[in-house]
Each structure stands twice: as structure tokens, then as C-alpha cells.
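Peer 1: Quick one, what's the 3D model for this:
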Amino acid sequence: MHLSSTLPAALLWDMDGTLVDTEAYWMAAEYALVESFGGQWNHEHAMAVVGRALTGTAAYVIEHGQVPLSVDEVVDRLLVLVGRQLREHVPWRPGALELLTAARDAGVPSALVTMSYRSLTDLLLEAAPKGLFTVVVAGDDVTHGKPDPEPYLLAAERLSVAPGDCIAVEDSVFGAQSATAAGVPTIIVPNVKPVAPMAGSVQLPTLAGLGLADLVGATAPLLDGTASIGE
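Peer 2: Have a look, this model is predicted:
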């Protein structure tokens, strides 16, 4: 990574659980869908799909929830259920809007890199202040979703920047695996489940009260291998 002393080339943001606290929306949708077909869902199943590509989530729901639908049908129904909740309220995570605004004002582009589909990212963009995101990579833009590196590589390509010159912000194992595999220095802010230490990443308890310089400072140890990746 060859960051300047003060600013990254771009910030690459996960959506669900990182920018917006929508994991509860997804879990409620999963429960509702499975139970509508007489199946049973539980917290362990809900945790197993956090951060996973929607097609992977749908396949898991079909297998473990005994839902007699195709993968595409499950994805569509989950998107509708979560979309209804997002239209009612966008639950921004602490510090997220402030950092997005600071990046925009400093001329640092932000990309949304999410496994949610365009139908949901459009709702977020409608609710957000204008000009926060330069690029959006949604789940229906890629062939291989998280934890594959494709989403983050595509975001860097669309921004015309090197992945190693950016900073990714994630909350989940699958998301962090995607970002680090793409060579992006990654900040993990765990949300609904803990994330084990992972090479190429550092962990922070919250984004609240942080500025751009704090993100650069947090990832700087990754340059020389001195990062305490579990902290």
C-alpha cells in the first residue's frame, strides 16, 4: 500500500452491518420467509449467512429452512422484505455518515461494495446526502460475491485506483476475506458477530468519533507488518 501521509486513494465501504445496521432486517426476513413455508429457522442459521453473497444465503435458506423455491426466488423475496423495512427507516451505524461526509468534503471517493442488490442500494442512496458515493458495486454486479475478491477488485477498477492504495471498512468474516484477498488494507468493525484476527486487517470497536486520519493511522501498521490484527 502506498497511501499518502494523510489520505487514502478511496474508501471502500460494506453496506449491511457496516454503514447501516440492517442485519436485523435480514434476519427478520429470513425468519418470515422460512416460517411462511412451515420451516424452522434459528439464530445459528441467521449468523451463518451474515456477510455472505445473497445467492449463497438463498441456497443456505433452501437447504436448512426447507423452502421449496429456487435461489432466485428466495433472493427476490428477501429483497422485498428487507426493502420494506429500509423504506421505513435507514439505521445508520455510529460514525458512518460523518466519515462518509468527511471523505466527500476532502475529495476522497467512496465506493459502496455490498452483496445487497441494486434495489436496496438505490434505497440507501435515496436516503443518504447527495454525493457521498462515487461508485456502487452491488451483489448483482458481480459473478462471484464475497468472500471472493471480485467485488473489491471491481470497485477499485471502476475508481481507477490500486486496491492497495484504498481502505476497506467491513463488519463480517466474508466481507473482510473479500477485501483482504483483493489486497485492500481492511478495517473490521464487528457488529452482530465477532470476527477472528485476519491477515491484512485491523479491528476497531466503532467508527464513532473517528476522522479520515484515524482510518489511515489504524491501517498504517499493515505496511510494515507490525499490526496487532486482533485489536
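Peer 1: any chance you could map the helices in this structure?
Peer 2: For the chain, the helices defined by DSSP state H occupy 23-36, 43-48, 54-65, 71-88, 96-106, 118-127, 150-159, 173-181, 212-219, 221-224.
Peer 1: just so I know, which of the ones you listed lies nearest residue 9?
Peer 2: helix 150-159 (7.6 Å; CB to CB). C-beta coordinates here come from the backbone N, C-alpha and C atoms, glycine included.
Peer 1: Centre of the chain to that closest one, how far?
Peer 2: Remark: helix 150-159 is offset 14 Å from the chain centroid, using CA atoms, centre = their mean, to the nearest Å.
Peer 1: and the chain, what are its domains?
Peer 2: Domain ranges of the chain: 10-21+91-224, 23-88, per automatic domain parsing.
Peer 1: just checking, which of these sits deepest inside the structure?
Peer 2: With neighbours taken as mean count of other CB atoms under 10 Å, the domains of the chain reach their highest mean count in domain 10-21+91-224, at a mean of 20.
Peer 1: Off-centre distance for that domain?
Peer 2: Computed by CA atoms, centre = their mean, the chain-centroid distance of domain 10-21+91-224 equals 6 Å.
Peer 1: got it, and stretch 85-95?
Peer 2: With CA atoms, centre = their mean, you get 14 Å for stretch 85-95.
Peer 1: which outside residues touch that stretch?
Peer 2: Residues from elsewhere that reach stretch 85-95 (CB atoms under 8 Å, 6 or more residues apart in numbering): 17-22, 25, 28-29, 120, 123-124, 127-128, 189, 191, 206-210.
Peer 1: again, only using 6 Å
Peer 2: Residues outside stretch 85-95 that contact it (CB atoms under 6 Å, 6 or more residues apart in numbering): 19, 20, 21, 25, 123, 127, 206, 207, 208, 210.
Peer 1: coming back round to it: reformat the helices of the chain as TSV; add distance to residue 13 and mean pLDDT.
Peer 2: TSV is the format used below for those (distance: least, CB to CB, whole Å; pLDDT from 0 to 100):
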stretch	distance to residue 13	mean pLDDT
helix 23-36	15	95
helix 43-48	22	94
helix 54-65	18	94
helix 71-88	16	95
helix 96-106	8	96
helix 118-127	11	93
helix 150-159	9	98
helix 173-181	10	96
helix 212-219	11	94
helix 221-224	18	74
